[in-house]
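**Q** got a sequence here, can you build the structure:
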Amino acid sequence: MSTFLALIRIGVAGFVVLVLPGMTWSVWFHDLDKDRVEQLGDAVGASIAITALVALGLYITGNRITLLSLSVIYFVLLITGSIGLFRLKRREIPAGWLDTLRYGSTLAIFGLILIWRMVQARDLALPPWVDSVHHVLIVRTILEYGGLPENLEPYLPVAFYYHYAFHSVASAFSALSGLPPEKAVLWIGQALNAAVALSVYRLGKALWGDWRRAVMSGLIVGFVTQMPAYYLTWGRYTLLTGLVLMPLAMAGALDIFNKGTSGPRLATLALLTAGLFLSHYFIAVLFAVFLALMGAQSLWKDLRQGNLWRGGRSLPLFGASLIGLLLAMPWLLHMWGYAREAARVGLVSVSTAAVDEAYFPNYLAYLWRLIGPKRNHVLLIPAFLGLILAAFRKETRLFAFWSAMLIVLSLPWGISLEPFRPDHAIIILFLPMAIFIADLLITVRDRLAQGRLIWAGNLLVGAFTLGLLVWGAWDTRSIVNTSTVIASQADLEAIHWIDQHVPQDARFFINVTPWLAGTFRGVDGGWWITPLTGRLTMLPPVLYASGDREYILDVNALAEKASRIEGCSPELWNIFTQEGITHVYLNDDKGRLQASSLKSCPYVVLVYEQDGVAIYRVVPPKVRSPESQWCSF
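**A** Coordinates of the predicted model:
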C-alpha cells in the first residue's frame, strides 16, 4: 500500500508541475482553434515557462521558497484554473463523439509514449553519463537554497549561470513527490522526453491543420527515430526541455501568421519564448532563426498589402517575441557576463584534419554515428523526399527552409559558432525528419485515394508505418548505451552507506579519466558522491570547467596526477596529504587504481566492500616520513 501511495504521489506531483500551471494559463488565455491535444501540449510548455519565470522572479527579488509556499502557489493555481475552467465550459461548444474519440485515441497514443519512455529507463540506478551528475547537483543546490543560487558553493566555487528551466521544474517535482533529486531528474526527464512527441503533434497541426499528419509525426518521434529517446543515455535534459518548448513556440508563431493576431495567441507566444530562452541557449538560437525567417516573410506580406500598421501580423509577431525575450533578459544578461568569452565565430576548412582540430579526433565518424543507426539511415530517404515536397508547398515552405538551415549547421565545415557544435544540430534533425516523413506518407495515401485506390493507399501506408513502429520499438527497447552508465545499483548502495557512516567533511579520492576539451570526468559511482551526499570528491562535477582559470588548472592538474595512479605509491600518498583526502572510493574494473593494489597499503583501511565496490579510510602513517615507509617495498 505504501508503494502504491508513493506512486500516486509521484503521478500527482508530475501532473501538478508539468500541467497545472499551463492548464490554468490556457483556460484564461484560451484559443478556440486548438484541439484538446494541442491544448495539452501548450499546457506542458506553459508550465515549464511559468515555473522558470517564477524562479527568475524570486532570484531577482531575493526571495526564497519552501515546500509550504510552493504548495500554496500550486493550490492557488488549482483554484484559479478551476474558476477559469468553469467560466470556459459555459461558453464552449461541446465536442461531437467523433472528435471525442479522436482526441481520446490521440491522448492514449501519447500515454503509451510516456509509458515507453519510463520502460526505457527501467534498469537505471542513476541517470547516465556526464551531464546527469551536474544536473542533479544543481537540483540539490536549488532545493537547499530555496531558489536559484548565485553560485554552487559549498560544492563548487563557480558562479551559477546555467540555463535552468529544467532544473526549476525538476526541483519542484522533487519537493512535491518526495523523490530525491537523482530520481526526480531521471523520471521528470523521461516525462519531458515523451512530451517532445506531444509538441511535435502541436507543430504538425499548425503546419497542416491535419490531425493525421500530426499524429503520425508524434508516433515517429515517440517510437521510431533514435532521438530524442537516446538523449536518456547522455542526460540531455536541458536540451529536451528546449525541444518541448521550441515546436510549441513555432506553432504559436505560425498560428499568428496564418490565422491572425489575438490576445491569447500573442500572450502565449511571449510566455513560450521566455521559457525557451531560459531552457537551452542553442535551441533559443534556432527558434530565433525561425522567427527571423517568419518575421521577414510576414513583414514583406504586410508591406505588399499596405497594412503594416493596421491589421498586419509582422509587428504583433515581433512584439510578442520581444516581450518574451525581455522577460528572460535578466538571466540572459547574467549569463552573458560570465560566458561571453566562450562565444566565437570561426571557419573550418573542408578537410578531415581541420575538422578534427576544430572539434576532436575522429569527429566525422562521430557525426555519422549520430545520424544512425541503420534504421535512421533508412529514414533519411523518405525524410529527404518529404523535405522537397514541403519546399514546394506554401504552408510548409518556411519550415522546409528552416530545416535546410539546420542541416547546414550540422555540417562540420564552413562557419563554426562556438560554443555550439555540428553534433548539437545533428541530434535535433529527428524533429524535421518526423514531420517530413509523416507528410510524405499521408500525401501518398491521399494521392492513391484520389485515384480510387484508397484500399491500396491505406494498406501501403499502414504497413510501412507499422513496420517502422515495430522496428523502432524493438531497436529502442534498450536505448541506453551501457558505456555511458557510470553508476550501478552497487554504487548507489555504497553511496547510501557513505551518507550514513562517513563524516560530512570527508573528501574522496576517485578514479578519473580525460574527457572533452582538456577536462576530466569520473569513471564510476564515486563521481556521484557529491551530488547525492554533499561530501566532496577530488574531481567535482564537470561544471568545474565554468570556474575561473586558476581553479580549472588546479583541478585538471590534480586529475591528471590521479589518472596515472595504479597502486599504493608515494604519488598516491602525496595526493592524500596535499589534497586532504580522507577516503578512497573504488569500483572493480573501472579506473586504473584497483582494490587489489591496496590490500597491503599501509595508509588505508578497508571500511566497506560489497558487490565490487570498496571504500577505504585514509589513516595517518606509522612513521613521519612516507619515503622511509616505501623503502620496505
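**Q** how many residues are close by the residue nearest to residue 360 when sequence neighbours are not counted?
**A** Ranked by Cβ to Cβ, 6 or more residues apart in numbering and with sequence neighbours excluded, the top spatial neighbour of residue 360 is residue 516, at 6.6 Å. Every residue, glycine included, has its C-beta placed from N, CA and C. Residue 516: 12 surrounding residues under other Cβ atoms under 10 Å.
**Q** going forward can the numbers begin at 593, since that is how I track them
**A** All set: I'll call the first residue 593, so the last point we hit is now residue 1108.
**Q** biggest helix in the protein, by residue count?
**A** Assignment by DSSP state H gives helix 773-800 as the longest helix of the chain.
**Q** average model confidence for that helix?
**A** In this model, helix 773-800 has a mean pLDDT of 97.
**Q** which other helices and strands does whichever helix or strand comes after it contact?
**A** Scanning forward in sequence from helix 773-800 by DSSP states H and E, the next helix or strand is helix 803-811. Other elements packing on helix 803-811 under the criterion 3 or more Cβ pairs under 8 Å, 6 or more residues apart in numbering; DSSP states H and E are helix 689-712, helix 773-800, helix 1022-1042, helix 1046-1067.
**Q** looking at the following helix or strand past helix 803-811 now, give me its mean pLDDT.
**A** Later in the chain than helix 803-811, the nearest helix or strand by DSSP H and E is helix 823-826. The predicted model assigns helix 823-826 a mean pLDDT of 96.
**Q** next SSE after helix 823-826?
**A** helix 829-851.
**Q** now the angle from that next one to helix 1022-1042?
**A** 40 degrees (axes from the mean of the first three to the mean of the last three Cα atoms, to 10 degrees).
**Q** return the set of buried residues in helix 829-851.
**A** Buried residues in helix 829-851, counting neighbours by 16 or more other Cβ atoms under 10 Å, are found at 829-849.
**Q** just stretch 1151-1170 next, same as before
**A** 1151, 1153-1155, 1157, 1160-1161, 1164-1165, 1167-1168.
**Q** off-centre distance for stretch 748-766?
**A** 12 Å (Cα atoms, centre = their mean, to the nearest Å).
**Q** mind listing what's buried in that stretch?
**A** For stretch 748-766, by 16+ other Cβ under 10 Å, it's 748, 750-766.
**Q** and that stretch, end to end?
**A** 22 Å (Cα to Cα, to the nearest Å).
**Q** just to revisit the earlier point, JSON lines for the buried residues of stretch 1151-1170, including distance to residue 798, secondary structure and pLDDT?
**A** As requested, the buried residues of stretch 1151-1170 are exported to JSON lines (distance: Cβ to Cβ, whole Å; DSSP: H, G, I helix; E, B strand; the rest coil; pLDDT from 0 to 100):
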{"residue": "1151", "distance to residue 798": "48", "secondary structure": "helix", "pLDDT": "96"}
{"residue": "1153", "distance to residue 798": "55", "secondary structure": "helix", "pLDDT": "94"}
{"residue": "1154", "distance to residue 798": "52", "secondary structure": "helix", "pLDDT": "94"}
{"residue": "1155", "distance to residue 798": "50", "secondary structure": "helix", "pLDDT": "94"}
{"residue": "1157", "distance to residue 798": "57", "secondary structure": "coil", "pLDDT": "91"}
{"residue": "1160", "distance to residue 798": "64", "secondary structure": "coil", "pLDDT": "91"}
{"residue": "1161", "distance to residue 798": "63", "secondary structure": "coil", "pLDDT": "90"}
{"residue": "1164", "distance to residue 798": "60", "secondary structure": "helix", "pLDDT": "92"}
{"residue": "1165", "distance to residue 798": "64", "secondary structure": "helix", "pLDDT": "92"}
{"residue": "1167", "distance to residue 798": "57", "secondary structure": "helix", "pLDDT": "94"}
{"residue": "1168", "distance to residue 798": "60", "secondary structure": "helix", "pLDDT": "94"}
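**Q** and which of the residues you listed is nearest residue 905?
**A** residue 1151 (54.3 Å; Cβ to Cβ).
**Q** wait, what's in contact with the closest one?
**A** 1104, 1112, 1130-1131 (Cβ atoms under 8 Å, 6 or more residues apart in numbering).
**Q** would you list those in TSV and tack on secondary structure, neighbour count and pLDDT?
**A** Listed next are the contacts of residue 1151 as TSV, based on DSSP: H, G, I helix; E, B strand; the rest coil; neighbours: other Cβ atoms under 10 Å; pLDDT from 0 to 100:
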residue	secondary structure	neighbour count	pLDDT
1104	strand	26	96
1112	strand	23	96
1130	coil	26	95
1131	coil	27	96
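**Q** and the pLDDT at residue 871?
**A** 97.
**Q** now it. Its backbone dihedrals?
**A** Backbone torsions of residue 871, given as degrees, to the nearest 10, read phi -100, psi -50.
**Q** dump the residue contacts of it.
**A** 640, 644, 755, 757-758, 830, 833-834, 837.
**Q** which one of those residues sits closest to residue 998?
**A** Using Cβ to Cβ, the contacts of residue 871 come closest to residue 998 at residue 834, 13.7 Å.
**Q** how is this structure divided into domains?
**A** The record assigns the chain these domain ranges, following automatic domain parsing: 594-1067, 1078-1222.
**Q** all strands for the stretch 1093-1225 of the chain, in order.
**A** 1099-1101, 1104-1106, 1112-1114, 1128-1129, 1175-1179, 1196-1202, 1205-1210 (DSSP state E, counting those that start in this stretch).
**Q** nearest to residue 652 among the ones you listed would be which one?
**A** Closest among these, once you apply Cβ to Cβ, is strand 1128-1129, at 30.6 Å.
**Q** partner strands of that closest one and their direction?
**A** Applying DSSP bridges, strand 1128-1129 is found paired with strand 1099-1101 (parallel).
**Q** rewinding a little: winner for burial among the helices and strands packed on helix 803-811?
**A** Among the helices and strands packed on helix 803-811, helix 773-800 has the highest mean neighbour count (mean count of other Cβ atoms under 10 Å), at a mean of 26.
**Q** now it against helix 689-712, angle please.
**A** 140 degrees.
**Q** how far does helix 773-800 sit from the chain's center?
**A** How far helix 773-800 lies from its chain's middle: 10 Å, per Cα atoms, centre = their mean.
**Q** try stretch 709-721
**A** Worked out by Cα atoms, centre = their mean, stretch 709-721 lies 14 Å from the chain centre.
**Q** and stretch 840-859, by the same measure?
**A** Per Cα atoms, centre = their mean, the centroid offset for stretch 840-859 relative to its chain is 25 Å.
**Q** show the average pLDDT along that stretch.
**A** Stretch 840-859 comes out at a mean pLDDT of 91.
**Q** how far does that stretch stretch from start to finish?
**A** Using Cα to Cα, one end of stretch 840-859 lies 13 Å from the other.
**Q** what lies in contact with it?
**A** 621-623, 625, 630, 633-634, 637, 791, 794-795, 797-799, 860-861, 864-865, 868, 879, 882-883, 886, 889-890, 905, 908-909, 911-913, 987, 991.
**Q** cool, stretch 803-811 as well?
**A** 627, 694, 698, 701-702, 705, 789-790, 792-797, 799-800, 1026-1027, 1029-1031, 1033-1034, 1057, 1061.
**Q** alpha carbons only: can I get it in PDB?
**A** Output in PDB follows, covering the C-alpha atoms of stretch 803-811 (Å, rounded to 0.1, in the frame of the first residue of the first chain):
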ATOM      1  CA  TRP A 803      -4.600  15.700 -37.300                       C
ATOM      2  CA  ARG A 804      -3.400  12.600 -39.300                       C
ATOM      3  CA  ARG A 805      -0.100  14.100 -40.200                       C
ATOM      4  CA  ALA A 806       0.300  15.500 -36.700                       C
ATOM      5  CA  VAL A 807      -0.400  12.100 -35.000                       C
ATOM      6  CA  MET A 808       2.000  10.400 -37.500                       C
ATOM      7  CA  SER A 809       4.700  12.900 -36.600                       C
ATOM      8  CA  GLY A 810       4.300  12.200 -32.900                       C
ATOM      9  CA  LEU A 811       4.300   8.500 -33.400                       C
END
